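Asks: here is the input, now give the coordinates:
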Amino acid sequence: QVQLVESGGGLVQAGGSLRLSCAASGRTFSSYTMGWFRQRPGKEREFVAVIIWNGGSTYYADSVKGRFTISRDNAKNTVYLQMNSLKPEDTAVYYCAATGTTLVGISMRESDYNYWGQGTQVTISS
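Replies: Presented below is the predicted three-dimensional model:
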């Protein structure tokens, strides 16, 4: 079982930065692919970024590429999402997710993630 708790959300002006954190419980955290997803107002939840177990490979949605950076610290059981050059359209609830299996590498599919956090609100003002 893996429990995920996000933090770091808030209200910032366009062009600003935020760093989201996702703290995970469970000793096998370091074995799992971790992802960030978001749900914008009135939209379906969508993929944002993913990082494999050792941080050796990452992948981003086109909408955030070059602005967001996903990273992880397995010693701290934490995954991060550094968000720079924020835009009003980045306003969303951000969720971190864990695959919970070593069989999945890079994945953008929600169905590959078995554990989800409760989400953290990010609001970007124009």
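Asks: residues contacting the closest residue to residue 29 other than its chain neighbours?
Replies: The shortest distance from residue 29 to any non-neighbouring residue, by CB to CB, 6 or more residues apart in numbering, is to residue 77 (4.6 Å). Heads up, the C-betas are built off the backbone N, CA and C, glycines and all. Taking CB atoms under 8 Å, 6 or more residues apart in numbering as the criterion, residue 77 is in contact with 23-26, 29-30.
Asks: what about the strands in the protein?
Replies: 4-7, 10-13, 18-24, 34-39, 45-51, 58-60, 68-73, 78-83, 92-98, 115-116, 120-125 (DSSP state E).
Asks: what's the fifth one packed up against?
Replies: Contacts defined by 3 or more CB pairs under 8 Å, 6 or more residues apart in numbering; DSSP states H and E place strand 45-51 against strand 34-39, strand 58-60, strand 68-73, strand 78-83.
Asks: what about the nearest residue to residue 22 once chain neighbours are set aside, distance to residue 112?
Replies: Nearest residue to residue 22, sequence neighbours excluded (CB to CB, 6+ apart): residue 96, at 3.4 Å. Residue 96 is 14 Å from residue 112, where distance means CB to CB, to the nearest Å.
Asks: no more questions from me, cheers.
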